[in-house]
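1. here is a sequence with its predicted model. Questions after.
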Amino acid sequence: MTASEQTGDAQQLREEIERTREHLGETVEQLAAKVDVKGRAQARAAALAGQVTRQARSVVAQGREQAVQARKQGAGAARKHRVPLSAAAAGVLLATVAVVIWQRSKR
């Protein structure tokens, strides 16, 4: 074996050792991440909290939109049925006054 062959073999061996060290370092990092149950649980909890927050905001926005639509429909119905609603309100008021007068007269 010549000196240049020995130098080439030594260089190849150094490169192989460096690749093995890098691979071993990555493997150790992966194993450490798997062992870090608390860290993984915290990360999962944070992700779930973000998801719940986004869903809650979406539900609130939908509720607001439905309330606006219901308000518009209710206002339109009230305008459309103004006379019957006024008559019903007057009837309820008269019934309430009659009950109050009747209760006072019993005393």
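-> All right, it came through fine.

2. which secondary structure element contains R14?
-> helix 3-35 (DSSP states H and E).

3. now that helix, how far from the centre of its chain.
-> Put simply, helix 3-35 sits 45 Å off its chain's centre (C-alpha atoms, centre = their mean, to the nearest Å).

4. state the next helix or strand along the chain beyond the longest helix along the chain.
-> Determined from DSSP state H, the single longest helix within the chain is helix 37-80. The helix or strand immediately downstream of helix 37-80 is helix 82-106, counting by DSSP H and E.

5. tell me the mean pLDDT over the longest helix of the chain?
-> The predicted model assigns helix 37-80 a mean pLDDT of 85.

6. now do it and helix 3-35, the angle between them.
-> 50 degrees (axes from the mean of the first three to the mean of the last three C-alpha atoms, to 10 degrees).

7. check the gap between the most centrally placed residue in the chain and A45 for me.
-> Central residue of the chain (C-alpha atoms, centre = their mean): V52, 2.4 Å from the mean position. Computed as C-beta to C-beta, to the nearest Å, the V52 to A45 distance reads 10 Å. For the C-beta atoms, the positions are set from N, CA and C on the backbone; glycine is no exception.
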